[in-house]
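Engineer: what follows is a protein structure lacking sequence information:
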């Protein structure tokens, strides 16, 4: 009897441990609906003569500043360790397992964050303008190679990345990348839109301005930029509106990206029902000039798509597709 009792107790303990493990595993894999992103700006006029070691120290300090907000990801400017004036200098290119690569690994692991480091990168006898994504375990998880190089980059022998690239499956949703000159080429962003990208990470030597807002708007995605030639890093929402920006007194800022949201068809009768059910837990904003609405679930761990399904709300792009089909049928 004691043997059976001991076996039974052991089985119960094993089951309890398994349940705790499964719960911890599920929690670890839980979707982040609203990630915190930090962006960095560089005043290149002040730092353009710095060595790569001096710039690495600066990146170390910037990441340390950002880490106080405990962000999910830190985004660094284009060519953050060298600038773009050293394209023909082989020493300007980061390589796997060199001291700069190892330092980014170390920082990501130390602060338990993702770091998107845009650097000149050399691998397998080719050189790229790349964004290296290090995960909180300190491992390289994703590489984005700039798709569209400038004439000076091509002349320096850099290799362009593919014109259509796969989004990174981040814990918070599909995330797209672009570097500087990429912003001028619609094909890259049309491909991201087809993948339902939720966030665009943009490292650059030019601010992007209205063009960056347009890319965010037509992708129905948020955008975060990190600027390497002045204090111009910005956060942009799904409607193409800037909601935060760095400045000379505050070159590192962190903001919450409310990805648990959608651009939808204006349906006022349904909005009243949603507010009656959820109150301030769900925000509905109508953009009058553009004629659409945005629904946001800022804090609740309820997927916005579940609320949309329940209340029969329609994504704006689905509304347009339906209209396009109806018009094409009528033309026949």
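Structural biologist: Yep, that arrived. On a predicted model such as this, the values are computed, not experimentally measured, just so you know. Numbers count the residues shown, from 1 in each chain.
Engineer: what are the buried residues along whichever strand or helix holds residue 102?
Structural biologist: Residue 102 is located in helix 99-111, with elements delineated by DSSP states H and E. Using 16 or more other CB atoms under 10 Å as the test for burial, helix 99-111 gives 100, 101, 103, 104, 105, 107, 108, 109, 111. (Each C-beta comes from the backbone N, C-alpha and C, glycine too.)
Engineer: so the next helix or strand after that helix versus helix 99-111, what angle?
Structural biologist: Downstream of helix 99-111, the first helix or strand assigned by DSSP H and E is strand 114-123. If you take axes from the mean of the first three to the mean of the last three CA atoms, to 10 degrees, strand 114-123 sits at 160 degrees to helix 99-111.
Engineer: next, the buried residues of whichever helix or strand comes after strand 114-123.
Structural biologist: Using DSSP H and E, the next helix or strand after strand 114-123 towards the C-terminus is strand 126-134. Buried residues in strand 126-134, defined by neighbour count with 16+ other CB under 10 Å: 127, 128, 129, 130, 131, 132, 133, 134.
Engineer: how about stretch 253-267?
Structural biologist: For stretch 253-267, burial by neighbour count (16+ other CB under 10 Å) applies to 253-267.
Engineer: end to end on it, go ahead and measure it.
Structural biologist: 35 Å (CA to CA, to the nearest Å).
Engineer: repeat for stretch 77-85
Structural biologist: In stretch 77-85, first residue to last residue: 14 Å (CA to CA).
Engineer: with stretch 76-96 instead?
Structural biologist: 18 Å.
Engineer: repeat that for stretch 309-321.
Structural biologist: From its first residue to its last, stretch 309-321 covers 18 Å (CA to CA).
Engineer: which is the succeeding secondary structure element to the host helix or strand of residue 175?
Structural biologist: Per DSSP H and E: residue 175 is located in strand 173-179. Using DSSP H and E, the helix or strand that follows strand 173-179 in sequence is helix 186-194.
Engineer: picking up where we left off before, for the helix holding residue 102, the averaged confidence score.
Structural biologist: If you average the pLDDT over helix 99-111, you get 98.
Engineer: and residue 56, what does it touch?
Structural biologist: Neighbour list for residue 56: 81, 100, 103 [criterion: CB atoms under 8 Å, 6 or more residues apart in numbering].
Engineer: show residues contacting stretch 239-250.
Structural biologist: Contacts for stretch 239-250 (CB under 8 Å, 6+ apart): 39-41, 43, 213-214, 216-217, 227, 231-237, 252-253, 255, 263, 287, 290, 294.
Engineer: same check on stretch 139-146?
Structural biologist: Contacts of stretch 139-146 with the rest of the structure, by CB under 8 Å, 6+ apart, involve 96, 101, 105, 114, 121, 128-135, 153, 158-162, 165, 168, 177, 179-182.
Engineer: the same query, at a cut-off of 6 Å, please.
Structural biologist: Residues outside stretch 139-146 that contact it (CB atoms under 6 Å, 6 or more residues apart in numbering): 128, 129, 130, 131, 132, 133, 134, 135, 161, 168, 177, 179.
Engineer: isn't residue 314 right up against residue 266?
Structural biologist: No. Counting by CB atoms under 6 Å, residue 314 stays clear of residue 266, with 9.9 Å between them.
Engineer: how does the protein divide up, domain by domain?
Structural biologist: 1-30, 36-256, 261-331 (automatic domain parsing).
Engineer: in the protein, what spans have low per-residue confidence?
Structural biologist: Scanning the chain for pLDDT under 70 picks out 1-30, 45-47.
Engineer: fine, thanks again, bye for now.
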